[in-house]
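# 3D model of this:
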Amino acid sequence: MAKRTAKALQPTVTDLPVDLIDPGNNDRRTFHAGKLEELAVSIKQNGLAQPITVRPMGDRYQIVAGERRFRAVRDVLKLSTISAIVRELDDAAASAIMLAENLNRADLNPIEEAQAFASRISGLAWTDQQVADAVGISVELVRRRITLLDLTPDAQFMVAKGHLPIGHAEAMVKLDVDRRQV
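Residues are numbered from 1 along each chain as shown. Here you go, the predicted structure:
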């Protein structure tokens with residue numbers, strides 16, 4: 001296990017046992033097995049190009065960024081350790097890093113984005129502007145994504161799977177509840 005010293009405020013890179021690492025409150029809800037397999041092959045062939053980022057939580061660590069890499073190493077490659085950047089972060093800082101990484105990699109679907117934005121606003125009391133600033137997008141886009149959470153669960157599912165175009169979904173939100181069902 002990695003030891004923490006008086007320099008704990010400085011990020012450090014170390015190899016951590018995977019059984020001491022817990023997923024954080026990840027914005028991503030779906031982890032495609034095929035994509036994890038592809039990532040695992042890349043890691044096996046080329047090594048881990050970027051360590052995951054974790055924060056200490058008692059005697060364990062919580063993933064802030066890199067859960068896909070973590071899952072590929074732990075679940076597919078069955079390795080016992082992973083290279084990690086250990087950072088002392090409060091909930092707000094950890095949340096900002098996670099949000100920025102997930103959105104900048106462009107692999108959250110619009111509903112996951114909406115849920116990520118809404119969780120920062122309700123859970124961390126962020127403003128729309130703070131969310132927008134954290135990921136470098138417009139406040140208007142944050143607001144449009146959040147409105148998608150007003151859609152029915154079936155419509156949200158269709159948006160998440162790419163079966164309902166985002167423009168149509170945003171237009172549906174403006175309709176009354178009965179018309180959304182139709």
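
# Only C-alpha atoms from now on, for both contacts and neighbour counts.
Fine.

# Now do the contacts for the closest residue to residue 15 other than its chain neighbours.
Leaving aside its sequence neighbours, residue 15 sits nearest to residue 83 (Cα to Cα, 6 or more residues apart in numbering; 4.3 Å). Neighbouring residues of residue 83 by Cα atoms under 8 Å, 6 or more residues apart in numbering: 13, 14, 15, 16, 48, 51, 52.

# can you give me the strands for this protein?
12-17, 21-22, 52-57, 60-65, 81-86 (DSSP state E).

# Just name the most buried of those strands.
Comparing the strands of the chain by mean neighbour count (mean count of other Cα atoms under 10 Å), strand 60-65 comes out on top with a mean of 22.

# What ranges in the chain fall below the confidence cut-off?
1-10, 27-29, 104-107, 180-182 (pLDDT under 70).

# Quick one, which of the strands of the chain gets closest to residue 41.
Smallest distance to residue 41 across those (Cα to Cα): 15.3 Å, for strand 81-86.

# What angle do strand 12-17 and that closest one make with each other?
Orientation of strand 81-86 against strand 12-17 (axes from the mean of the first three to the mean of the last three Cα atoms, to 10 degrees) gives an angle of 140 degrees.

# Could you export strand 81-86 as PDB, CA atoms only?
Extracted in PDB, the C-alpha atoms of strand 81-86 (Å, rounded to 0.1, in the frame of the first residue of the first chain):
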ATOM      1  CA  THR A  81      -1.800  -3.300  -9.300                       C
ATOM      2  CA  ILE A  82      -2.400  -0.200 -11.400                       C
ATOM      3  CA  SER A  83      -0.400   3.000 -11.700                       C
ATOM      4  CA  ALA A  84      -2.300   5.900 -10.100                       C
ATOM      5  CA  ILE A  85      -1.900   9.600  -9.400                       C
ATOM      6  CA  VAL A  86      -2.800  10.100  -5.700                       C
END
